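1. structure for the following, please:
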Amino acid sequence: MKACLQWAMVCSLVFFMAGCSSLNEKTGGFFGSEAVTSGYTEDGEIQDERLGDLEEITNGSLMGGEFNNPESLLSKSVIYFMYDSSEVQPVFAEVVSAHAQYLVANPEQRVVLEGHADERGSPEYNVALSERRAKSVARMLELEGVFPEQLEIISYGEMKPSEEGHDQAAWQLNRRVEITYQARS
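-> Residues are numbered from 1 along each chain as shown. This is a model prediction of the structure:
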């Protein structure tokens with residue numbers, strides 16, 4: 001009986017979060033997507049000839065030019081993960097560090113760390129894995145001086161895929177944490 005209640009609570013949480021409209025729409029935040037590869041480049045970018053480059057979505061009215069400048073690390077706001085891992089890959093350390101520096105310099109700014117997983121694994125496992133991924137990014141930000149009050153963690157599991165599909169390319173895009181800036185009040 002206890003297992004059934006736990007299952008029902010997890011499912012309710014997952015469906016509640018999936019039913020909510022996107023935080024990006026509500027907060028005017030942004031997320032970036034790089035295209036996928038069969039591996040990561042030295043710059044931490046993911047490319048796939050089949051998919052091409054995915055358009056990065058930003059809200060220039062809320063954020064400064066550094067978020068719109070493709071040369072800036074702040075223009076990258078998606079951290080990708082290896083299969084079944086919550087460890088931030090070294091190629092993304094500089095991206096997380098750039099966001100940390102921005103948040104330390106702007107303590108009134110808040111971000112949502114949206115954890116995601118690919119479709120493999122049970123819904124419960126994927127929600128937990130995507131939460132661990134978001135917490136890994138949060139831990140890195142906090143180690144660089146970001147206040148915990150500036151961070152919110154949401155775990156979507158497999159419920160909000162970036163790419164529909166049942167292959168490596170889609171799975172690589174879906175194993176991610178999106179750093180979404182909230183509108184300042």
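
2. buried residues, the longest helix along the chain. List them.
-> The residue-count maximum for a helix in the chain (DSSP state H) belongs to helix 123-143. Buried residues in helix 123-143, counted by 16 or more other C-beta atoms under 10 Å: 123, 126-138, 140-142. (C-beta placed from N, C-alpha, C; glycine too.)

3. now swap in stretch 168-183 and tell me
-> 169-182.

4. please export the C-alpha coordinates of it as PDB.
-> Extracted as PDB, the C-alpha positions of stretch 168-183 are listed here (Å, rounded to 0.1, in the frame of the first residue of the first chain):
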ATOM      1  CA  GLN A 168      20.800   8.800 -29.700                       C
ATOM      2  CA  ALA A 169      20.500  12.300 -31.200                       C
ATOM      3  CA  ALA A 170      17.200  12.900 -29.500                       C
ATOM      4  CA  TRP A 171      18.300  11.300 -26.200                       C
ATOM      5  CA  GLN A 172      21.400  13.500 -26.100                       C
ATOM      6  CA  LEU A 173      19.300  16.700 -26.500                       C
ATOM      7  CA  ASN A 174      16.900  15.500 -23.800                       C
ATOM      8  CA  ARG A 175      19.600  14.900 -21.100                       C
ATOM      9  CA  ARG A 176      20.000  18.400 -19.900                       C
ATOM     10  CA  VAL A 177      19.600  21.200 -17.400                       C
ATOM     11  CA  GLU A 178      18.200  24.500 -18.700                       C
ATOM     12  CA  ILE A 179      19.300  27.700 -16.900                       C
ATOM     13  CA  THR A 180      16.200  29.900 -17.100                       C
ATOM     14  CA  TYR A 181      16.400  33.500 -15.900                       C
ATOM     15  CA  GLN A 182      13.400  34.900 -14.200                       C
ATOM     16  CA  ALA A 183      12.000  38.300 -14.900                       C
END
